[in-house]
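Visitor: What shape does this take:
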Amino acid sequence: MAQAGLQFVIASFLFWGELLSLPPDSYSASKDEPISVVVTIPVLKDFAEQLGGSHVRVTSLLSGYENEHTYSPKPSDLIAVRKARLFFEVGIGLEVWVTSLVKNAGSSSLMVVTTSRGIPLIDDEHAHVGEFERGSVRGNPHVWMDPENAATMLRHITQALIEVDPEHAQDYLTNQGAYLKRLDDMRQDLMNRVAVLKDRRFVAHHPAWPYFAGRFGFQIAGTIQLQPGSEPSALHLQSLVDLIRREKIRVVVSEIQLSQRLPELLARESGGRVVVLTTLPGALPRTETYLDMLRYNVLQLANALEGG
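Guide: Predicted structure coming up:
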């Protein structure tokens, strides 16, 4: 059994070695085939598919259940990037693993697009200090949680598609206009829903929600996990329990990509209620697209704050 396992490992190593030894041109698609696009997270996959339509074939490295901060690329990710013409990332240090992945893929024809470029960043004191730094850019990277920022990301994607495929430029621009209209309608509907709330306060699991809260008028009263992968101290947890009791805060927002242990502990000790939301499409039922996710998060949180 051990020998068979060793043979499998050796065969796998040789297989990947042969693939990676091929020049990028070996993966090139014909002119009539869709543009091969790789993205880091599902929200970018949805954006690229909405804009590119039948002209693109999009692969997301994350499925929606993983933690984007701590993700470890697989050998198949390396192959996907090496075959791609376009690579979309959020940037701002969200995907700290991207630089080495792109470098190891070694494709000189790959266009890497940072979709957060030009978005005003929130630099709150607990925004994953140190992990969100890349060059001179520093701030909270969860920019897509604000639909206004999503509109900027969409424009970057459209520009990149036009650059690599000018023949279908009008299709991309038409798709962009239609999607931006849907996005704006959704934003307005959700803001109308939140406008009737008397209490908009919640405690967050980790700092993924400042852009979301700022756009829709929610208030983050406290945060459990100040940095990804770090455990809060007992003193910090007790201070949150005291805060929730004293201020009568009803809701603790958790995320499906993270362990529910601490939010549930906090709610149990304080009498609050845990609401599980998601920052990535597809991670929960009825969150298959970005617009679905946005609607789900706002409505679930609003209902919880009303005690529904």
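
Visitor: Can I get stretch 156-169 in CSV? Just the C-alpha atoms.
Guide: The C-alpha trace of stretch 156-169 is given here as CSV (Å, rounded to 0.1, in the frame of the first residue of the first chain):
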residue,chain,number,x,y,z
HIS,A,156,-11.8,47.9,-14.8
ILE,A,157,-13.0,44.5,-16.0
THR,A,158,-14.8,46.0,-19.0
GLN,A,159,-11.7,47.9,-20.0
ALA,A,160,-9.5,44.8,-19.7
LEU,A,161,-11.9,42.8,-21.9
ILE,A,162,-11.9,45.5,-24.5
GLU,A,163,-8.2,45.7,-24.5
VAL,A,164,-7.7,42.0,-25.2
ASP,A,165,-10.8,41.6,-27.4
PRO,A,166,-11.6,45.0,-29.1
GLU,A,167,-13.7,43.2,-31.7
HIS,A,168,-16.4,42.7,-29.1
ALA,A,169,-16.0,46.0,-27.4
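
Visitor: By neighbour count, which bits of the top helix by length along the chain are buried? Give me those.
Guide: Secondary structure of the chain per DSSP state H: the longest helix is helix 169-195. With burial defined by 16 or more other Cβ atoms under 10 Å, the residues of helix 169-195 counted as buried are 171, 172, 175, 176, 179, 180, 183, 186, 187, 190, 194. For glycine as for every other residue, the C-beta is placed from the backbone atoms N, C-alpha and C.

Visitor: which intervals of this structure have sub-threshold pLDDT?
Guide: Residue ranges of the chain with pLDDT under 70: 1-31, 124-137, 308.

Visitor: in it, which spans are strands?
Guide: 35-39, 56-60, 86-89, 111-114, 133-134, 137-138, 201-204, 219-223, 251-255, 273-277 (DSSP state E).

Visitor: Those strands into CSV, with extra columns for distance to residue 66 and mean neighbour count?
Guide: Output for the strands of the chain, formatted as CSV (distance: least, Cβ to Cβ, whole Å; neighbours: other Cβ atoms under 10 Å):
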stretch, distance to residue 66, mean neighbour count
strand 35-39, 14, 24
strand 56-60, 10, 20
strand 86-89, 15, 24
strand 111-114, 20, 17
strand 133-134, 20, 16
strand 137-138, 23, 16
strand 201-204, 19, 24
strand 219-223, 21, 17
strand 251-255, 12, 25
strand 273-277, 16, 19
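
Visitor: and residue 78, which of those strands is closest to it?
Guide: strand 35-39 (10.4 Å; Cβ to Cβ).

Visitor: tell me which strands and helices the longest helix of the chain is in contact with?
Guide: Counting by 3 or more Cβ pairs under 8 Å, 6 or more residues apart in numbering; DSSP states H and E, the packing neighbours recorded for helix 169-195 are helix 42-52, helix 147-164, helix 210-216, helix 290-305.

Visitor: what's the most buried one of those helices?
Guide: Sort the helices and strands packed on helix 169-195 by mean neighbour count, taking mean count of other Cβ atoms under 10 Å, and helix 42-52 sits at the top with a mean of 25.
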